[in-house]
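K.L.:
3D model of this:
(one chain, ligands or ions: 1)
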Amino acid sequence: MKFFIDTANIEEIKKAAELGVLDGVTTNPSLLAKEDGNYKDILKRICELVDGPISAEVTALEADNMVSEASELCKIHKNIAVKVPCTRDGFIATKRLSDKGIMVNMTLCFSPLQALLAAKAGAAFISPFVGRLDDISHVGMDLIEQIIQIYENYVFSTEVLVASVRNPLHVVESALMGADVITMPFKVIEQMAKHPLTDIGLEKFLADWKKVKKD
Ligand code: E4P
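P.N.:
Below you'll find the model as predicted:
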């Protein structure tokens, strides 16, 4: 299972990379809008920090323009994965880009049918948004289960990238289902390492260690 971080914040990326378990980064226009500096410089810096797929999203809505924008984004670094939305034009652009060997991450996926089209179009990743489905009272993880089942049925190579993750339970469920990738906000990566019983246990061990005779 690959771990991506869902941020454009350099400090968060550095801290997550320090853990030694980071395989890639996902950004989107909203995440880049929170940061200072030119977006191309930020993406370049991220590519220097993490050796793995770094998602950068196109903002064009029409297929020809998506393809041109994608080509520009790819010039930033060889590890850029172009994010393309699951729209009609997005599927057309994805097919063209993947035929050219460009890594495409199809984003804003909310249905198994969109995921099926993404796989047929040759996307490297499909990003179903679980948190946003939960937000409207649909169980986001049900979508992950369906997509994994469909991809297994036909042995598609598109990787299931669980996105819009809100909490550690999304991570547990994704791992149990066998999702290929999960992209997590920094907060969730930090939460994964924590357990109150570990802290309590450590405190007790250290207190008892003081009572142990050392000579
Ligand atoms: C990542 O690829 C997505 O853009 C991101 O996970 C969306 O998350 P949000 O629903 O919290 O904005």
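K.L.:
how long is stretch 154-161 from one end to the other?
P.N.:
Using Cα to Cα, to the nearest Å, the end-to-end distance of stretch 154-161 comes out at 18 Å.
K.L.:
quick one: average pLDDT of that stretch?
P.N.:
Summarised as a single mean, pLDDT over stretch 154-161 is 97.
K.L.:
just stretch 28-39 next, same as before
P.N.:
Stretch 28-39 comes out at a mean pLDDT of 98.
K.L.:
next, the buried residues of it.
P.N.:
N28, L31, L32, Y39 (16 or more other Cβ atoms under 10 Å). Quick note: C-beta positions are derived from backbone N, CA and C, even for glycine.
K.L.:
for stretch 131-140, same thing?
P.N.:
Judged by neighbour count (16+ other Cβ under 10 Å), stretch 131-140 contains these buried residues: L133, D134, G140.
K.L.:
starting at the chain centroid, how far to it?
P.N.:
Centroid displacement of stretch 131-140 relative to its chain, using Cα atoms, centre = their mean, to the nearest Å, is 17 Å.
K.L.:
what residues sit buried inside stretch 93-105?
P.N.:
Quick answer for stretch 93-105 (16+ other Cβ under 10 Å): A93, T94, K95, R96, L97, S98, I102, M103, V104, N105.
K.L.:
can you dump the C-alpha atoms of whichever strand or helix holds the fifth one in CSV for me?
P.N.:
Spelled out, that is L97. Using DSSP states H and E, the element containing L97 is helix 88-99. Extracted C-alpha coordinates of helix 88-99, given in CSV (Å, rounded to 0.1, in the frame of the first residue of the first chain):
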residue,chain,number,x,y,z
ARG,A,88,-16.5,13.6,-20.5
ASP,A,89,-13.7,15.7,-21.7
GLY,A,90,-11.5,14.4,-18.9
PHE,A,91,-11.9,10.8,-20.2
ILE,A,92,-11.0,11.9,-23.7
ALA,A,93,-7.9,13.8,-22.5
THR,A,94,-6.9,10.9,-20.2
LYS,A,95,-7.0,8.5,-23.1
ARG,A,96,-4.8,10.8,-25.2
LEU,A,97,-2.4,11.5,-22.4
SER,A,98,-2.0,7.9,-21.3
ASP,A,99,-1.5,6.8,-24.9
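K.L.:
give the other helices and strands that it contacts.
P.N.:
Helix 88-99 sits against helix 63-74, strand 80-85, strand 104-109, helix 112-120, with contacts defined as 3 or more Cβ pairs under 8 Å, 6 or more residues apart in numbering; DSSP states H and E.
K.L.:
so what touches that helix?
P.N.:
For helix 88-99, the surrounding residues in contact (Cβ atoms under 8 Å, 6 or more residues apart in numbering) are 58, 61-63, 66-67, 70, 82, 84, 104, 106, 117-118, 121-124.
K.L.:
go with 6 Å
P.N.:
Contacting residues not belonging to helix 88-99 are listed as E62, A63, M66, V67, A70, V84, V104, M106, L117, A121, G122, A123 [Cβ atoms under 6 Å, 6 or more residues apart in numbering].
K.L.:
buried among the residues you listed? Make that a PyMOL selection.
P.N.:
Buried subset of the contacts of helix 88-99, written as a PyMOL selection, criterion 16+ other Cβ under 10 Å:
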select buried, resi 63+66+67+70+84+104+106+117+121+122+123
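K.L.:
ok, the contacts of helix 88-99 vs the ligand, which is closest?
P.N.:
Among these, M106 lies closest to the ligand (Cβ to the nearest ligand atom), at 10.2 Å.
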